[in-house]
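In: this one's sequence-less:
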């Protein structure tokens, strides 16, 4: 029997590129790989049935879990992770200097009420600062460019929470600068923040210190995305899930080893000045495998996200890792 045809979608991160260009093969699979400049285009393609296996935002995966068909299972592969205290922005004129000042305010959120960074930060705000989502009003839209509603994915909103979509042609940055909203929760950094101009700033100006302290205290390096597999494809080809996992793991570990080996030469292949010092600082804080795949090393973080997703009214049930991952990979 020949290799199984496999339609694969995802973003071209440095730690996944070897899978997409075939340098690291998926054993037993004849792969047709697709990447896209916008990862949300991959998400939409997966939802529309264009891929058998693809990267999918955790909240997109979970929203579809609650549909009648519930078409996907997850592989414990996490191509996108990021600490997200840095994703909360305010206008200097707002008087917001601490999380508790968000109570009674209007917050803009990128793309969805409950995009992946939003789920993490709403969970942190509620759990660590007592600021729950219903204590704010919410406007959904694009950060620097107008963004229509993502009508191709369910958008549940719990009772008691005020949520509306920005109007046609409106952007969240313009609304923040005009005082129409008080804060912004966004995966995209406003251009004025990148340039150091204007009045928009991060809620936590020292966000790196806050995020490092958060990791030291919780052990959580927040994941945003998983790799999902269609249930029907998995049922027809049960061995492919393990092969996909093994390939992504091998590709990621190649890059991790590259950085470890590069330290001996002060990372001459990296364009960023003083990168070796940053790398050494990270290594003092984080474990040997600072970007782990598999269920065991990620259970606490995944189950925390699943709990937040349920508490925020985005999942009907409080799921656990055992519920969402392909059964044969629960031993990873």
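Out: Perfect, I can see it now. Note that the coordinates shown come from a computational prediction; the quantities given were computed from them, not determined experimentally. Numbers count the residues shown, from 1 in each chain.
In: what's the longest helix anywhere in the chain in contact with?
Out: If you go by DSSP state H, the chain has its longest helix at helix 240-262. The contact list for helix 240-262 (C-beta atoms under 8 Å, 6 or more residues apart in numbering) reads 4, 6, 8, 14-19, 23-29, 53, 73, 75-77, 79, 227, 229, 233-234, 267-270, 279, 289-291, 293-294, 326, 328-329, 332. Quick note: C-beta positions are derived from backbone N, CA and C, even for glycine.
In: just the buried ones from the residues you listed?
Out: With burial judged by 16 or more other C-beta atoms under 10 Å, the buried subset of those is 4, 6, 8, 15-19, 24-26, 28-29, 53, 73, 75-77, 79, 227, 229, 233-234, 267, 279, 291, 293-294, 326, 329, 332.
In: in helices only, show me these.
Out: Taking DSSP H, the ones among these that sit in helices are 17-19, 233-234, 279.
In: which one of the residues you listed sits closest to residue 216?
Out: Using C-beta to C-beta, residue 279 comes nearest to residue 216 of these, at 17.5 Å.
In: look up how far residue 89 lies from that closest one.
Out: Noted for residue 279: a distance of 28 Å to residue 89, by C-beta to C-beta, to the nearest Å.
In: each with direction, which strands does whichever strand or helix holds residue 31 pair with?
Out: Following DSSP states H and E, one finds residue 31 within strand 29-34. Partners of strand 29-34 in the sheet, by DSSP bridges, are strand 4-9 (parallel).
In: model confidence over the strand it pairs with, on average?
Out: Across strand 4-9, pLDDT averages out at 98.
In: over to stretch 124-135?
Out: Stretch 124-135 comes out at a mean pLDDT of 97.
In: give me the three-state assignment for the residue nearest to residue 160 when sequence neighbours are not counted.
Out: Using C-beta to C-beta, 6 or more residues apart in numbering and skipping the chain neighbours, the partner closest in space to residue 160 is residue 134 (4.6 Å). Residue 134 falls in the helix class when you classify it by DSSP: H, G, I helix; E, B strand; the rest coil.
In: the one 5 residues further on too?
Out: Using three-state DSSP as the criterion, the local structure at residue 139 reads strand.
In: tell me where the stretch 201-332 of the chain has strands.
Out: Under the criterion DSSP state E, counting those that start in this stretch, strands of the stretch 201-332 of the chain are mapped to 225-230.
In: count the residues that sit near residue 128.
Out: 12 (other C-beta atoms under 10 Å).
In: against residue 286, how distant is it?
Out: 21 Å.
In: repeat that for residue 238.
Out: Separation of residue 238 from residue 286 (C-beta to C-beta) stands at 34 Å.
In: how about residue 54: what's its closest non-neighbour residue?
Out: By the measure of C-beta to C-beta, 6+ apart, the closest residue to residue 54 outside its immediate chain neighbours is residue 9, 3.6 Å from it.
In: who's in contact with that neighbour?
Out: Contacts of residue 9 (C-beta under 8 Å, 6+ apart): 33-36, 42, 45-46, 50-51, 53-55.
In: and for residue 2?
Out: residue 30.
In: and for the one 5 residues further on?
Out: Residues in contact with residue 7, defined by C-beta under 8 Å, 6+ apart, are 32, 34, 50-53.
In: and these, which is closest to residue 223?
Out: residue 53 (17.2 Å).
In: who does the closest one bridge with?
Out: residue 8, residue 229.
In: next, the contact list for it, please.
Out: 6-9, 75, 227-230, 233, 240, 244 are the contacts of residue 53 under C-beta under 8 Å, 6+ apart.
In: likewise residue 281?
Out: By C-beta under 8 Å, 6+ apart, residue 281 has no neighbours at all.
In: distance check, it against residue 275.
Out: Relative to residue 275, and taking C-beta to C-beta, residue 281 is found at 11 Å.
In: if anything else comes up later, I'll come back, but that's it for now.
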